[in-house]
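Asks: Just need the structure, nothing else, for what follows:
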Amino acid sequence: MKVLVCFLLILVSSCKSPLEKSELTVINDRCTSCKTCVYSCQSDAITIINGVAVIDPAKCTQCGKCVEVCPTNAIY
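Replies: Presented below is the predicted three-dimensional model:
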């Protein structure tokens, strides 16, 4: 029983929670809503809302393609 409890504690402590995942950030003042990031995202994690790119952290795989293609460096 002790071994099982220890194993479960190790398993749980090694898992990352969604809050620990580093998220890409959009600088709203730089975003021109050109949609280049939207088209480059293979995970469909980016949408334009009120003229600004919004990244859904639940869908984002952190591939960085949006960062590479953003012409105004609004995503980091």
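Asks: which residues are contacting stretch 55-70?
Replies: Outside stretch 55-70, the residues within contact range by CB atoms under 8 Å, 6 or more residues apart in numbering are 18, 21-24, 26, 36-37, 40-47, 53, 75-76. C-beta here means a position set from N, CA and C on the backbone, and glycine is covered the same way.
Asks: Which stretches in this protein count as strands?
Replies: 46-49, 52-55 (DSSP state E).
Asks: Restricted to helices, list the contacts of stretch 55-70.
Replies: The helices, defined by DSSP state H, take in Thr36, Cys37, Ser40 from these.
Asks: Correct me if wrong: the second one contacts Ile75.
Replies: Yes: under the criterion of CB atoms under 8 Å, Cys37 is in contact with Ile75, at a separation of 6.1 Å.
Asks: which neighbours do these two share?
Replies: With CB under 8 Å, 6+ apart as the test, Cys37 and Ile75 both reach Ala53, Cys66.
Asks: So for those two, which residue has more residues nearby?
Replies: Comparing Cys37 with Ile75 by neighbour count (other CB atoms under 10 Å), the higher total belongs to Cys37, at 26 against 22.
Asks: residue contacts, the more buried one?
Replies: Per CB under 8 Å, 6+ apart, neighbours of Cys37: Ile46, Ala53, Cys66, Val69, Cys70, Ile75.
Asks: pLDDT at it, what is it?
Replies: Listed pLDDT for Cys37 reads 98.
Asks: For Val26, see how far away it is.
Replies: Here the criterion is CB to CB, to the nearest Å. By it, Cys37 lies 8 Å from Val26.
Asks: can you list residues touching both of the two?
Replies: Residues touching both Cys37 and Val26 by CB under 8 Å, 6+ apart: Ala53, Ile75.
Asks: Highest mean neighbour count out of the strands of the chain?
Replies: strand 52-55 (a mean of 19; mean count of other CB atoms under 10 Å).
Asks: and that strand, which strands flank it?
Replies: In the sheet, strand 52-55 lines up against strand 46-49 (antiparallel) (DSSP bridges).
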